[in-house]
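S.K.: after the sequence you'll find the predicted model.
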Amino acid sequence: MKQNVIRQGDLAFIPMEPSNAEWVKRRYKEDPKQYGFRENGIIQEGEATGHHHKIKNPALARLFRPQYQNATIITGRQPVEVEHDVANNDPEYIAQQKHGDVTLDPDTVYEVKVARELAPGDQQTYHRVVD
């Protein structure tokens, strides 16, 4: 069964094919620190606004963020909620900036990619979307 990509602002949560997912689970279990295991659940920190995308209950999933690579989330037996936490407490700012929470399926391995766009005035250079 093909699973859908889940989007939250500048992030895309892309389910891995089962054969790749099993390989990732085995490799990351061998040496979690080598693969950037993160206990705090923070998937991506906002460069411009101080917000972050975070797993609400980090005990329900394993988050890996190897240096210079995309993050990987391995969910357990329960669905996993991902929130977009805004650092600025101004209600008007929050209403403009906050992305809705998303739910990741259980027993799934996700690759997390950050959106990229063409640089203004340059149709050959891509840069990360700053959220």
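M.R.: Structure received.
S.K.: remind me, longest helix of the protein?
M.R.: helix 18-30 (DSSP state H).
S.K.: does that helix pack against any helices or strands, and if so which?
M.R.: With contacts taken as 3 or more Cβ pairs under 8 Å, 6 or more residues apart in numbering; DSSP states H and E, helix 18-30 sits against strand 71-75, strand 109-114. Glycine gets a C-beta too; all of them are placed from N, C-alpha and C.
S.K.: strands paired with the last one, and their directions?
M.R.: Spelled out, that is strand 109-114. strand 11-15 (antiparallel), strand 71-75 (antiparallel) (DSSP bridges).
S.K.: partners of the helix or strand following the last one, with directions?
M.R.: Next in sequence after strand 71-75, counting helices and strands by DSSP states H and E, comes strand 80-85. The partner list of strand 80-85 in its sheet, established with DSSP bridges, is strand 52-55 (antiparallel), strand 102-104 (antiparallel).
S.K.: picking up where we left off before, next, the angle from the longest helix of the chain to strand 109-114.
M.R.: 90 degrees (axes from the mean of the first three to the mean of the last three Cα atoms, to 10 degrees).
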